[in-house]
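Novice: structural data only, the sequence is not supplied:
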């Protein structure tokens, strides 16, 4: 999109890449896949754990004791499951593949979004130009109709010329709302792609 060197298009594309909800969800899926891959990689290594606790009481060995006893403990533990059959390595590779798929899915979505926004932007410009031409044509047809009507009133031209001028004016009148509607619909779709309310 930067090839076109259009600041409005540049603003629209950047806004869409930041605020489009589908892109945001794809980015969150990447974060989720990255976290899952980190957990899968962690299973390959030994697990070091520390447990600690404290207890207070006057009941020991099944008998009631008159003295209250307090005890504390700290117990480190180390466990490691040998990855003899490659289970954890395969889980890690699978999680990494999911991460790469999520990243490429995001890139694909971004490219599609950029293409859609760019295409709709230029379509919007085309409709706006067509509307300007239609408005100018409408103005010219009205002027032409007025001139032909005055000439008819003076008896210079036949009535068929007035009828043709009225038909041309009616065609020009009908084209204006169709382009206004096309502009509104295109703006509606662009605003949805930008992640905004239409």
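Specialist: Good, I have the coordinates. All values derive from a computational prediction rather than experimental measurement.

Novice: which element follows the longest helix seen in the chain toward the C-terminus?
Specialist: Ordering each helix of the chain by length in residues (DSSP state H) puts helix 87-153 first. Once the chain leaves helix 87-153, the next helix or strand it forms, by DSSP states H and E, is helix 159-193.

Novice: just give me how far that following helix sits from the chain centre.
Specialist: Chain-centre distance of helix 159-193: 32 Å, with CA atoms, centre = their mean, to the nearest Å.

Novice: all numbers from here: first residue = 343
Specialist: In the new count, where the first residue is 343, that last one comes out as helix 501-535.

Novice: shaky segments in the protein?
Specialist: 371-372, 375-376, 378-387, 401-407, 420-431, 433 (pLDDT under 70).

Novice: buried residues, stretch 451-470. List them.
Specialist: Under the neighbour-count criterion of 16 or more other CB atoms under 10 Å, stretch 451-470 has 451-452, 455-456, 458-460, 462-463, 466, 469 buried. Yep, even glycine has a C-beta here, placed from its N, CA and C like the rest.

Novice: compute the inter-axis angle for the longest helix of the chain and helix 501-535.
Specialist: Counting by axes from the mean of the first three to the mean of the last three CA atoms, to 10 degrees, helix 429-495 lies at 160 degrees to helix 501-535.

Novice: elements contacting helix 429-495?
Specialist: For helix 429-495, the packing partners by 3 or more CB pairs under 8 Å, 6 or more residues apart in numbering; DSSP states H and E come out as helix 349-361, helix 363-384, helix 501-535.

Novice: that concludes my questions; thank you for your assistance.
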